[in-house]
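Visitor: Here you go, sequence then predicted model.
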Amino acid sequence: LDLAERLTSGLASEYDRWSIEVDQLRVVAGTLVGDVLLAAAFTSYIGAFGADFRTKLVDEFWITDLKAREIPLTDGVEPMKLLTTESKTAEWMNEGLPADRTSIENGAIITNCNRWPLIIDPQLQGVEWIKNHEEARFKSPEAPTGDDAAAPAPAEGLREEEDAEAAAPPL
């Protein structure tokens, strides 16, 4: 009977903890759309600009615009916290990424893109880091192999472009 009472009281404290966690998740779910929208804009558009303009763009334009449109957004949201973790950032620095904010933002942009982003590389070390990062990524046991590995895109789009050029009248 004593064991049953301890189990019941232990589960009661877990219920309290879970209730608090559920409340916190509801708050996060309410602001998720705005947070992800900001992170997506950051990843898609910010790479081509310098550090000062990046800060201005996020703080003065994008966040202000999201609030003006009444899109729920976490107060003090930081796109970098949504795109990466401190451990990932440390891993990138071990691979040769410089420790300045712009380079770390570039690392987050590169690792979260499906395409090839345009980025500012203030210390001209980005290319070396990309080589090291991709080499380490493909050597890892989780790297895709066989049919899952990255294969060159089919040349079908190129053929369509060549056909369009051949059929187009000269300017």
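Guide: Good, I have the coordinates. Values in this document were obtained by computation on a predicted structure and should not be read as measured data.
Visitor: So which residue is smack in the middle of the chain?
Guide: Nearest to the mean C-alpha position of the chain, counting by C-alpha atoms, centre = their mean, stands Leu83 at 3.3 Å.
Visitor: OK, contacts around that residue?
Guide: 39, 42-43, 108-109, 111-112 (C-beta atoms under 8 Å, 6 or more residues apart in numbering). C-beta: built from backbone N, CA, C; applies to glycine.
Visitor: So, low pLDDT: which residues of this structure?
Guide: 142-171 (pLDDT under 70).
Visitor: what's the single longest helix in it?
Guide: Looking across the chain with DSSP state H, the single longest helix is helix 2-45.
Visitor: Name the residues of whichever strand or helix holds Ile110 that come out as buried.
Guide: Element membership of Ile110 [criterion: DSSP states H and E] is helix 101-112. Within helix 101-112, the residues that count as buried by 16 or more other C-beta atoms under 10 Å are 102-110, 112.
Visitor: same thing with stretch 75-95?
Guide: 77, 79-80, 82-84, 89, 92, 95.
Visitor: Now, these that are in strands?
Guide: Among the buried residues of stretch 75-95, none falls in strands (DSSP state E).
Visitor: Compile the residues you listed into JSON lines and extend it with columns for distance to Arg17.
Guide: Shown next, in JSON lines, are the buried residues of stretch 75-95 (distance: C-beta to C-beta, whole Å):
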{"residue": "Val77", "distance to Arg17": "26"}
{"residue": "Pro79", "distance to Arg17": "30"}
{"residue": "Met80", "distance to Arg17": "29"}
{"residue": "Leu82", "distance to Arg17": "25"}
{"residue": "Leu83", "distance to Arg17": "29"}
{"residue": "Thr84", "distance to Arg17": "28"}
{"residue": "Thr89", "distance to Arg17": "30"}
{"residue": "Trp92", "distance to Arg17": "34"}
{"residue": "Glu95", "distance to Arg17": "38"}
